[in-house]
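Visitor: Mind folding the following:
(one chain, ligands or ions: 4)
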Amino acid sequence: MPVASDVGEPATDADAAGEGLPINEVFYSLQGEGTLAGVPSVFVRTSGCNLRCWFCDSYHTSWEPTGAWRDVDSIIEEVQSHEQANHVVLTGGEPLIHEESVELLERLDEEGYHATVETNGTIYRDAPIDLASISPKLASSTPTPERDPKGEGEWEEKHEQNRIDMDALSQMVDDYETQLKFVVTDESDLPEITDLVDRVRKATATTVADDDVLLMPEGMTREQLDGTRSEVAELAMEYGYRYTPRLHVDLWNDAPGT
Ligand SMILES: C[S@@+](CC[C@H](N)C(=O)[O-])C[C@H]1O[C@@H](n2cnc3c(N)ncnc32)[C@H](O)[C@@H]1O
Ligand SMILES: Nc1nc2[nH]cc(C(=O)O)c2c(=O)[nH]1
Ligand code: SF4
Ligand SMILES: [Mg+2]
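Guide: Ligands and ions are numbered 1, 2, ... in the order given. Below is the predicted model:
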């Protein structure tokens with residue numbers, strides 16, 4: 001069932017559109033990104049996003065949001081059907097635009113799961129999050145008219161205005177175990193990353209170590225990663241940040257449900 005296009009709008013509109021959460025897919029895979037790469041995990045992908053990165057590898061949750069509204073019970077049931085998994089990854093789209101994500105995380109916590117939330121860091125929610133996997137969006141993610149996958153740059157200004165919310169980002173870093181996972185297109189992204197990490201360090205009481213900062217090569221296919229991976233690995237060594245692969249892309253390319 002298609003989700004109305006208003007799922008990309010602010011949480012209240014999104015939540016008014018149906019019961020529960022708009023779900024694009026639930027699947028069992030290996031965590032492909034970050035410090036838990038390789039861990040068997042159930043992925044719950046909500047639909048709808050407040051940003052529009054030109055490179056978004058989940059086009060049907062952002063540029064053309066689709067999915068079905070599902071209640072939390074039915075999501076939990078499907079998660080539990082993957083009996084081998086102790087880890088759940090809540091992702092999207094932007095899962096934290098939806099207030100109901102809090103209830104889902106509370107239920108996952110009660111059931112004893114480790115929950116990672118993949119988020120762009122622009123919306124804070126008080127919830128049992130075991131790992132906040134925050135991917136703040138850099139200027140190089142902005143959908144300029146030349147890079148817009150759908151229109152002619154209609155989202156450029158809104159994306160640019162909303163991609164960093166320092167209050168939400170620093171509160172998340174203060175309250176949760178965090179990794180900051182930047183999508184790197186090339187070396188021109190690094191000054192912005194070092195500057196943002198400095199600003200987060202100044203705004204928080206928490207220690208953000210260099211190895212909590214992860215550089216991830218941009219690319220949704222193996223072929224695209226062939227063009228970014230080596231350079232990003234070299235940049236991680238040069239700056240002393242951590243490199244993260246995109247293990248799922250290396251293993252399964254861009255196959256659905258991986
Ligand atoms: C689809 S997003 C969903 C969660 C949240 N909206 C966010 O951006 O963090 C999941 C992860 O994929 C990353 N990502 C999306 N498109 C990518 C691409 N083309 N190359 C590398 N990483 C990408 C995001 O930065 C994020 O870390
Ligand atoms: N295997 C696998 N690992 C992932 N880690 C983060 C993902 C995401 O889309 O948020 C993702 C994904 O889509 N697949
Ligand atoms: S913030 Fe995440 S889901 Fe939204 S467009 Fe960017 S990568 Fe896609
Ligand atoms: Mg993904």
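
Visitor: contacts, neighbours, all on C-alpha from now
Guide: Noted.

Visitor: Contacts only, for residue 39.
Guide: The neighbours of residue 39, taking Cα atoms under 8 Å, 6 or more residues apart in numbering as the test, are 30, 31, 87.

Visitor: any chance of those in TSV, plus distance to ligand 1 and pLDDT?
Guide: Below are the contacts of residue 39 laid out as TSV (distance: Cα to the nearest ligand atom, whole Å; pLDDT from 0 to 100):
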residue	distance to ligand 1	pLDDT
30	14	98
31	11	98
87	16	98
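
Visitor: Which residues are in contact with the residue of the stretch 101-250 of the chain at minimum distance from ligand 3?
Guide: Across the stretch 101-250 of the chain, no residue is closer to ligand 3 than residue 120, which sits at 5.2 Å (Cα to the nearest ligand atom). The neighbours of residue 120, taking Cα under 8 Å, 6+ apart as the test, are 94, 134, 135, 136, 137, 163.

Visitor: With residue 180 instead?
Guide: 133, 134, 135, 136, 212, 213, 214.

Visitor: Excluding residues flanking it in the chain, which one is nearest the fourth one?
Guide: For residue 136, ignoring the flanking residues on the chain, the nearest one in space by Cα to Cα, 6 or more residues apart in numbering is residue 120 at 5.1 Å.

Visitor: on that earlier part again, please list only the buried members of the contacts of residue 120.
Guide: Neighbour counting with 16 or more other Cα atoms under 10 Å marks 94, 134, 135, 136, 137, 163 as buried within those.

Visitor: Just these: which are in strands?
Guide: Among these, the ones falling in strands (DSSP state E) are residue 134.

Visitor: Kindly provide the distance from the nearest residue to residue 208 once chain neighbours are set aside to ligand 1.
Guide: Using Cα to Cα, 6+ apart and skipping residues adjacent in sequence, the residue nearest residue 208 is residue 201, 6.3 Å away. To ligand 1, residue 201 is 20 Å away according to Cα to the nearest ligand atom, to the nearest Å.

Visitor: now swap in residue 212 and tell me
Guide: Residue 212 is 14 Å from ligand 1, by Cα to the nearest ligand atom.

Visitor: List the contacts of that residue.
Guide: Listed by Cα under 8 Å, 6+ apart, the contact set of residue 212 reads 178, 179, 180, 241, 242.

Visitor: residues in contact with the spatially closest residue to residue 154 that is not a sequence neighbour?
Guide: Of all residues not flanking residue 154 in the chain, residue 145 sits nearest, at 7.7 Å (Cα to Cα, 6+ apart). By Cα under 8 Å, 6+ apart, the residues touching residue 145 are 151, 152, 153, 154, 156.

Visitor: out of those, who's nearest ligand 2?
Guide: Among those, and counting by Cα to the nearest ligand atom, the member closest to ligand 2 is residue 156, at 22.3 Å.
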